[in-house]
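In: Could you look at this predicted model? Sequence included:
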Amino acid sequence: MKAVILKAVGEYAVVDKPMPVLSDPCDLLIRVEASSICGSDVHICANPPGIPAAPGTTIGHELVGCVVEAGSAAAEFRPGDRLVLDNNVPCGMCYYCKTGRPNLCTQMRTIGVDADGAFAEYAVIPARMAVKIAPELPTETAIFAEPLNCVMGAVDKLRLLPGETVLIQGAGPIGLYFIKLLRLNGAGKILVSEVSPYRADYARRCGADRVIDPSKESLAAVVREETDGLGADAAVDAVGILLPDCIAAVRGGGRILLFGNNSAAQQAICQADITRKELTILGSYVGPHTLPMTVRLLKSGRLELGGLITHRLTLSDFAVGMEAMRRGEAIEVILTPDMD
């Protein structure tokens with residue numbers, strides 16, 4: 001079968017490799033209907049890598065699949081069942097797993113990083129991390145399940161009240177999901193900070209009331225202007241390096257949700273600003289326990305995401321999608337197996 005592997009640090013390749021086989025009774029062999037390129041995949045393929053993966057690993061983790069064979073201990077699945085996947089596989093035994101916080105698992109295994117993933121014609125996945133989807137759910141809707149799931153977990157933690165103003169920093173794919181979900185949650189006003197005109201246009205299409213280019217305007221001043229001098233009720237950093245800007249932009253008693261993950265970045269903050277304004281700062285890492293609800297939301301039809309698909313490619317054309325993502329000229333890149 002064709003698959004996309006991490007060839008070496010900073011290098012990827014489309015190769016032929018053997019079709020995987022079941023070896024664990026708790027696993028599923030699936031045919032991949034479609035996969036999509038995530039910002040995490042860009043970090044995996046960077047030099048130096050933002051997320052280290054072993055050379056030779058089939059990368060990718062966002063997928064829609066169909067069961068070909070179910071292990072003997074995966075009785076809830078049958079051949080022909082369609083599914084989506086949470087790719088972060090907790091151990092089930094550590095302190096965090098046993099206290100209901102598997103996203104903080106100390107022995108987390110990640111499909112597409114620590115194990116072969118989605119950029120292939122077939123894959124083997126743990127049944128416990130899969131959620132069934134309806135036969136009629138369009139593939140181009142279901143493909144958003146994994147990244148949307150992560151944002152669902154964050155939105156659940158933020159608990160935005162109807163009518164509140166929120167600032168979203170960054171209008172990449174994740175920032176755009178935040179815009180759409182918070183609009184559904186009843187946000188009164190959504191402000192977005194984004195320097196890329198390409199992404200700013202998508203932010204407006206997704207429902208942003210105002211997009212601010214912080215390289216040309218004072219972000220904090222514009223937010224105050226839009227909020228009668230108070231500041232935003234809540235701010236979301238979807239980039240991973242913008243906590244100081246969030247602190248400056250929210251009102252006293254406001255909330256800041258940190259979602260973007262950049263372990264290489266360091267920032268200088270004045271802790272007294274947090275204390276004096278009595279701010280609440282929340283971290284959110286992946287989406288624990290929210291994938292079934294995410295699937296229900298996608299099935300409901302209340303969230304239109306098809307307009308975010310910018311590229312429809314085959315696995316053989318993976319490089320086209322990856323390079324567009326690297327240049328910031330893509331939002332959702334869908335990959336399907338090559339036709340024989």
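Out: That came through fine. Numbering: from 1, shown residues only.
In: What's the first helix or strand after the lowest-mean-pLDDT helix or strand in the chain?
Out: Least confident helix or strand, the chain: helix 39-44 with a mean of 92, by mean pLDDT, DSSP states H and E. For helix 39-44, the following helix or strand on the C-terminal side (DSSP states H and E) is strand 62-70.
In: what does that following strand contact?
Out: 22, 28-38, 77-85, 87, 117-118, 122-123, 125, 127, 130, 133, 139, 142-143, 145-147 (CB atoms under 8 Å, 6 or more residues apart in numbering). To be clear about C-beta, it is placed using only N, CA and C from the backbone, and glycine gets the same treatment.
In: Helices of the stretch 1-150 of the chain, start to end?
Out: Secondary structure of the stretch 1-150 of the chain (DSSP state H, counting those that start in this stretch): helices located at 39-44, 95-98, 139-142, 145-158.
In: Minimum distance to A187: which of these has it?
Out: Of all these, helix 145-158 sits nearest to A187, with 10.4 Å by CB to CB.
In: Output the contacting helices and strands for the least confident helix or strand of the chain.
Out: helix 318-326 (3 or more CB pairs under 8 Å, 6 or more residues apart in numbering; DSSP states H and E).
In: Tell me the helices and strands packed up against the helix or strand that comes right after the helix it packs on.
Out: Per DSSP H and E, the first helix or strand lying C-terminal to helix 318-326 is strand 332-336. On a contact count with 3+ CB pairs under 8 Å, 6+ apart, strand 332-336 meets strand 27-37, strand 309-314, helix 318-326.
In: ok, and what's touching the last one?
Out: Translated: helix 318-326. 4, 12, 14, 37, 39, 41-42, 45, 119, 310-311, 313, 330, 333, 335.
In: Tell me the most packed of those, by neighbour count.
Out: Among the contacts of helix 318-326, D41 has the most neighbours (other CB atoms under 10 Å), with 30 neighbours.
In: Report the contact partners of it.
Out: I59, G60, H61, G112, M322, M325.
In: for L167, phi and psi?
Out: The phi/psi pair for L167 (degrees, to the nearest 10) reads phi -100, psi 130.
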